[in-house]
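Colleague: could you work out the structure for the sequence below:
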Amino acid sequence: MIRSFRALLIRDLKLAARVGGSGMMGLVFFLAIVTLMPFALGPDLNLLSRIGPAILWIAALLATLIGLDRLFQADQEDGSLDLLRLAPVPMEVVVVAKVTAHWLVTGLPLAIAAPFLGLLVALSPEAIGAMVATLLVGTPALTFVGAVGAALTASLRRGGLILAILVLPFMIPTLIFGVSAANAALGGTVPFATPFLILVALSLFAAVVGTVGAAAALRSGE
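Modeller: Numbering: from 1, shown residues only. Model (predicted):
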């Protein structure tokens with residue numbers, strides 16, 4: 001099972017490196033949103049620093065949605081998904097491998113780019129560190145939630161809009177506690193650990209429910 005997981009993970013990473021697309025597009029989209037916000041809000045650095053975590057988190061959420069519709073759709077179109085259904089590998093392992101590869105290509109670069117983009121919204125070093133930590137912990141939850149929608153819309157040719165409508169409401173708790181944890185690092189009555197640990201719990205919960213839900217959706221498409 002571990003060997004199958006590793007093979008699927010390496011396969012998807014190689015495909016992503018060869019084809020490109022969603023990872024780079026997500027990063028460019030993330031950069032575009034964060035870059036445009038200071039121009040829209042004006043030169044008020046205090047305002048930018050207050051709403052900076054919210055700007056970065058909303059941009060990360062929207063950037064994560066890019067390419068999610070192709071998570072299983074490409075394999076559905078070329079018949080690879082049918083072979084994976086017939087393989088002696090649990091569908092949950094397939095889902096975890098593909099979601100992990102997608103996060104490494106899409107979610108991890110967002111967290112790595114956050115320190116540089118945090119400077120554009122006048123975040124302090126402490127807030128930038130908290131922002132990176134929350135994105136590293138929270139973006140897997142967004143990807144696993146999105147995986148369920150991607151599995152449900154895998155057979156649809158243009159399922160991107162439907163996918164966004166399906167999964168956005170379930171991504172809101174992650175957004176709320178991600179922003180709360182980043183804001184708590186700036187000071188306040190709530191300590192940083194409280195919303196951060198809730199964010200960790202949300203990611204673990206999303207990993208379990210998202211894996212089972214996406215696997216069930218893919219099995220139902222047989």
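Colleague: any weak-confidence spans in the protein?
Modeller: Residues of the chain that meet the criterion pLDDT under 70 lie in 19-23, 158-159, 188, 221-222.
Colleague: break down it into its helices, ranges please.
Modeller: 2-19, 22-41, 45-65, 73-78, 80-86, 91-105, 107-118, 125-152, 160-184, 193-220 (DSSP state H).
Colleague: what's the burial count for the nearest residue to residue 75 once chain neighbours are set aside?
Modeller: Once flanking residues are discounted, residue 75 sits nearest to residue 81: 4.1 Å by Cβ to Cβ, 6 or more residues apart in numbering. For glycine as for every other residue, the C-beta is placed from the backbone atoms N, C-alpha and C. Number of residues near residue 81 (other Cβ atoms under 10 Å) recorded here: 22.
Colleague: the one 5 residues further on now?
Modeller: Residue 86 is surrounded by 9 other residues when neighbours are defined as other Cβ under 10 Å.
Colleague: give me the contact list for stretch 25-35.
Modeller: Here stretch 25-35 makes contact (Cβ atoms under 8 Å, 6 or more residues apart in numbering) with 55-56, 58-60, 62-64, 66-67, 106, 109-110, 113, 117, 120-121.
Colleague: go again with 6 Å.
Modeller: Stretch 25-35 is contacted from outside by 59, 63, 66, 106, 109-110, 117, 120, using Cβ atoms under 6 Å, 6 or more residues apart in numbering.
Colleague: now swap in stretch 205-216 and tell me
Modeller: For stretch 205-216, contacts defined as Cβ under 6 Å, 6+ apart pick out 91-92, 95-96, 141, 144-145, 147-148, 151.
Colleague: filter those to the buried ones?
Modeller: Buried members of the contacts of stretch 205-216, scored by 16 or more other Cβ atoms under 10 Å, are 91-92, 95-96, 141, 144-145, 147-148, 151.
Colleague: so which of those residues comes closest to residue 71?
Modeller: Lowest distance from residue 71 to these (Cβ to Cβ) belongs to residue 147, with 6.2 Å.
Colleague: next one: the residue lying closest to that closest one once chain neighbours are set aside relative to residue 130, how far apart?
Modeller: Nearest non-adjacent residue to residue 147, counting by Cβ to Cβ, 6+ apart: residue 214, 4.4 Å away. Residue 214 is 30 Å from residue 130, where distance means Cβ to Cβ, to the nearest Å.
Colleague: between those two, which is the more surrounded one?
Modeller: Legend: neighbour count by other Cβ under 10 Å for residue 214 and residue 130, higher for residue 214 (29 against 23).
Colleague: which parts of stretch 182-201 are buried?
Modeller: 182-186, 192, 195-196, 198-200.
Colleague: next one: stretch 169-185
Modeller: Using 16+ other Cβ under 10 Å as the test for burial, stretch 169-185 gives 170-171, 173-175, 177-185.
Colleague: okay, those residues in TSV with distance to residue 9 next?
Modeller: TSV is the format used below for the buried residues of stretch 169-185 (distance: Cβ to Cβ, whole Å):
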residue	distance to residue 9
170	25
171	24
173	28
174	23
175	27
177	28
178	25
179	30
180	32
181	29
182	30
183	34
184	34
185	32
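Colleague: now, which of the residues you listed sits nearest residue 18?
Modeller: residue 171 (29.0 Å).
Colleague: ok, back up a step: any idea which of the helices of the chain is most buried?
Modeller: helix 125-152 (a mean of 24; mean count of other Cβ atoms under 10 Å).
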